[in-house]
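Peer 1: After the sequence you'll find the predicted model.
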Amino acid sequence: MARYQVILAYDGAGFSGSQRQANSRTVQGELEKALREVGWSESSVLMAGRTDTGVHASGQVAAFDFDWAHSTERLLRALNAKLPPDLAVRRLKLVSAGFHPRFDAASRTYRYRLFCEPIRDPFRERFVWRVWPEMDGDALIRNAEIFLGTHDFAAFGSPTSEKGTTIRTVTRSEWRKKRDGEWQFEVRADAFLYRMVRRLVFVQVAAAQGRCSVEDVQTALSGRGKLPSGLAPAHGLTLIDVKYGSRKRY
């Protein structure tokens, strides 16, 4: 029996999140179904993390044990032949028996995409959040820098377990504007709270639209004050990378 690591890409619009659920279509459920069709008989795959309903991924990581008698290339092809069109295994390799995609992760990186237009754009809005009124781009950039470092992010998400901490270390937090006017927020941390990235984006957009100030965001991060309630829509968010290093449990 060998352990395999796979890098998954998926369009989250058709999934009720990544984690297996009894009566809903999920990424884990579809992956396990495809594995069973090529001879896998274990009970569950391991996932690097949970993505919400509608959230996409280009770098989700999963692992599973499988007694496969052929090459990794052949397993990659076999799985992709069985998976639905909105889910693919981008890469596959053998890893050590003790590898765990969640607990061995040193960091995760997400990208959020948005654009400012007063009229909807059906060709873009499956993967990009349309925002209006217009934003102050300088305010977006200033807000992103606030989150760098180790902070208690209790105002920006909830812990992923009953006794989990809300302290996280963010090592990248920045906005970039593309030539077509699209804004992209990339954030990397050792781990994320539940719905943390969507909350971070929503608050930064609120500040950039004048509904709160940069100082309000700083105050909330220090555990005081109040910010506008809400989350950025799931469809603008993509998990793009999981890096591995020293083990750290949450």
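Peer 2: All right, it came through fine.

Peer 1: C-alpha only now, for contacts and for neighbours.
Peer 2: Fine.

Peer 1: Domains in the chain, by residue range?
Peer 2: The chain is divided into the following domains under automatic domain parsing: 2-95, 105-244.

Peer 1: Tabulate those in JSON lines, adding columns for mean pLDDT and mean neighbour count.
Peer 2: Formatted as JSON lines, the domains of the chain follow (pLDDT from 0 to 100; neighbours: other Cα atoms under 10 Å):
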{"stretch": "domain 2-95", "mean pLDDT": "97", "mean neighbour count": "18"}
{"stretch": "domain 105-244", "mean pLDDT": "95", "mean neighbour count": "18"}
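
Peer 1: the residue most distant from the middle of this protein, which is it?
Peer 2: A69 (33.1 Å; Cα atoms, centre = their mean).

Peer 1: Relative to A144, how far out is that one?
Peer 2: 49 Å (Cα to Cα, to the nearest Å).

Peer 1: what helices or strands is the lengthiest helix in the chain leaning on?
Peer 2: Longest helix of the chain, by residue count under DSSP state H: helix 196-208. Contact partners of helix 196-208 among helices and strands, from 3 or more Cα pairs under 8 Å, 6 or more residues apart in numbering; DSSP states H and E: helix 137-146, helix 214-221.

Peer 1: Which residues does it contact?
Peer 2: 110, 112, 135-140, 143-144, 156-158, 185, 187, 212-214, 217, 227-228, 230-234, 237 (Cα atoms under 8 Å, 6 or more residues apart in numbering).

Peer 1: got it, and stretch 14-30?
Peer 2: 10, 45, 47, 50-55, 83-84, 86-87.

Peer 1: one more time with 6 Å, if that's ok
Peer 2: R50, T51, D52, T53 (Cα atoms under 6 Å, 6 or more residues apart in numbering).

Peer 1: Next, format those as CSV and append secondary structure and distance to F123.
Peer 2: As requested, the contacts of stretch 14-30 are arranged in CSV below (DSSP: H, G, I helix; E, B strand; the rest coil; distance: Cα to Cα, whole Å):
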residue, secondary structure, distance to F123
R50, coil, 27
T51, coil, 24
D52, coil, 23
T53, coil, 21
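
Peer 1: of all the residues you listed, which two lie farthest apart?
Peer 2: Pairwise distances among the contacts of stretch 14-30 were taken by Cα to Cα; the largest, 9.6 Å, belongs to R50 and T53.

Peer 1: quick one: contacts for G54?
Peer 2: G12, A13, A234, H235.

Peer 1: Looks to me like it is in a strand.
Peer 2: No: counting by DSSP: H, G, I helix; E, B strand; the rest coil, G54 falls outside a strand, being coil.

Peer 1: quick one: it and V128, what's the gap?
Peer 2: The value you get for G54 to V128, if Cα to Cα is used, is 12 Å.

Peer 1: so which helix or strand takes in Q5?
Peer 2: Per DSSP states H and E, Q5 falls inside strand 2-10.

Peer 1: Mind putting the helices and strands packed on helix 196-208 into TSV with distance to S41?
Peer 2: Listed next are the helices and strands packed on helix 196-208 as TSV, based on distance: least, Cα to Cα, whole Å:
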stretch	distance to S41
helix 137-146	45
helix 214-221	46
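
Peer 1: Between those helices, which one is closest to M1.
Peer 2: Closest among the helices and strands packed on helix 196-208, using Cα to Cα: helix 137-146, at 45.1 Å.

Peer 1: Just grab the bridge partners of the most centrally placed residue in the chain for me.
Peer 2: Centroid-nearest residue in the chain, with Cα atoms, centre = their mean: L239, separated by 3.3 Å. Beta-bridge partners recorded for L239 (DSSP bridges): A57, Y110.

Peer 1: okay but it is in contact with Y110, surely?
Peer 2: Yes: using Cα atoms under 6 Å, L239 is in contact with Y110, at 4.5 Å.

Peer 1: Packing partners of the strand holding Q5?
Peer 2: Counting contacts by 3 or more Cα pairs under 6 Å, 6 or more residues apart in numbering; DSSP states H and E, strand 2-10 is packed against strand 56-66, strand 87-95.
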